[in-house]
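Asks: Show me the folded form of this:
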Amino acid sequence: ACCEGSGQSAQNLLCCPFVLICESMEPWNVGILVLGARNLPKLDVFGLSDPYACVSVVSVTRDVKEDHLQMLDHNVSKLAAREHKAVERSKTDKTMRNKFRIMPQNRTRVVRKSLMPRWSQIFQFREARSVKLDETGTGITVAEQKIPISADQNLKILITVHDRDVAMKDDFSGRATIQLKANEPVEGEFPLLNEDGEPLIGHSGEQATVLVKA
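Replies: So this is what the prediction gives:
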């Protein structure tokens, strides 16, 4: 089958059959198939990486630009997961001071020792996190409560890729935000960006990407 193995091209990965909307699904459910990632950086000192992806759907006001979305990240710390924090704004880490970290709505399994992980996992969303500019117009705010997804919203998929580390905090690898539009399927290989919003270059020296259908 085209979905098996770990060394396929992006074209082969994207040939996996996927149906976004089924008759049994209620209106404005969003189905997202996270196929895999390619050309990830090597983050483990010994070995490769143990990557997984976090996935959320965010409803963004029209005045929020892509630069603002670089302030949005997933919270994957074990402490925050235990405490069930929905939104956390870092005050101690200088590099995270202007960032919001939200608990991911879904996450893939961990693929051990791989820079070309294959996840092939489908997630369905009925709710989104609401994101808007703050009072200064330079930052963002994220509502604590999720809101139902509707056709008039400006929806984006937030995907972050991380390296699982048992002994220490999981490492951030890359981020992608993907525009969603009603009745317009999304399918492709999307570039991952690093913490600075620059293209993420993998261990191979090529652009790191994530493969998604929605």
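
Asks: pretty sure Ala151 is in contact with Val30, am I right?
Replies: No - judged on Cβ atoms under 8 Å, Ala151 makes no contact with Val30 at a distance of 11.1 Å. For the C-beta atoms, the positions are set from N, CA and C on the backbone; glycine is no exception.

Asks: Looking at those two, which has the bigger crowd around it?
Replies: Neighbour count, other Cβ atoms under 10 Å: between Ala151 and Val30, Val30 has more, with 21 against 10.

Asks: do you know how far the more buried one is from Ser150?
Replies: Computed as Cβ to Cβ, to the nearest Å, the Val30 to Ser150 distance reads 11 Å.

Asks: what's the span of stretch 197-210 from first residue to last?
Replies: 15 Å (Cα to Cα, to the nearest Å).

Asks: now swap in stretch 149-161 and tell me
Replies: OK, stretch 149-161 end separation, Cα to Cα: 24 Å.

Asks: Also stretch 108-125?
Replies: End-to-end for stretch 108-125, by Cα to Cα: 14 Å.

Asks: Format the CA atom coordinates belonging to stretch 176-191 as PDB.
Replies: Coordinates of each C-alpha in stretch 176-191 appear next as PDB, following Å, rounded to 0.1, in the frame of the first residue of the first chain:
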ATOM      1  CA  ALA A 176       3.400  25.400  10.500                       C
ATOM      2  CA  THR A 177       0.100  27.400  10.200                       C
ATOM      3  CA  ILE A 178      -2.200  26.300   7.400                       C
ATOM      4  CA  GLN A 179      -5.200  28.300   6.100                       C
ATOM      5  CA  LEU A 180      -8.600  26.500   6.100                       C
ATOM      6  CA  LYS A 181     -11.500  27.500   4.000                       C
ATOM      7  CA  ALA A 182     -15.000  26.100   3.900                       C
ATOM      8  CA  ASN A 183     -15.500  23.500   1.200                       C
ATOM      9  CA  GLU A 184     -12.000  23.900  -0.100                       C
ATOM     10  CA  PRO A 185      -9.800  20.900   0.600                       C
ATOM     11  CA  VAL A 186      -6.200  21.400   1.800                       C
ATOM     12  CA  GLU A 187      -3.600  18.900   0.600                       C
ATOM     13  CA  GLY A 188       0.200  19.300   0.400                       C
ATOM     14  CA  GLU A 189       3.600  19.500   1.900                       C
ATOM     15  CA  PHE A 190       3.900  22.600   4.100                       C
ATOM     16  CA  PRO A 191       7.200  24.200   5.200                       C
END
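
Asks: pLDDT averaged over it - what is it?
Replies: Averaging pLDDT along stretch 176-191 gives 90.

Asks: residues in contact with that stretch?
Replies: 10, 14, 20, 28, 30, 38, 57, 66, 69, 151, 155-160, 192-193, 199-200, 207-214 (Cβ atoms under 8 Å, 6 or more residues apart in numbering).
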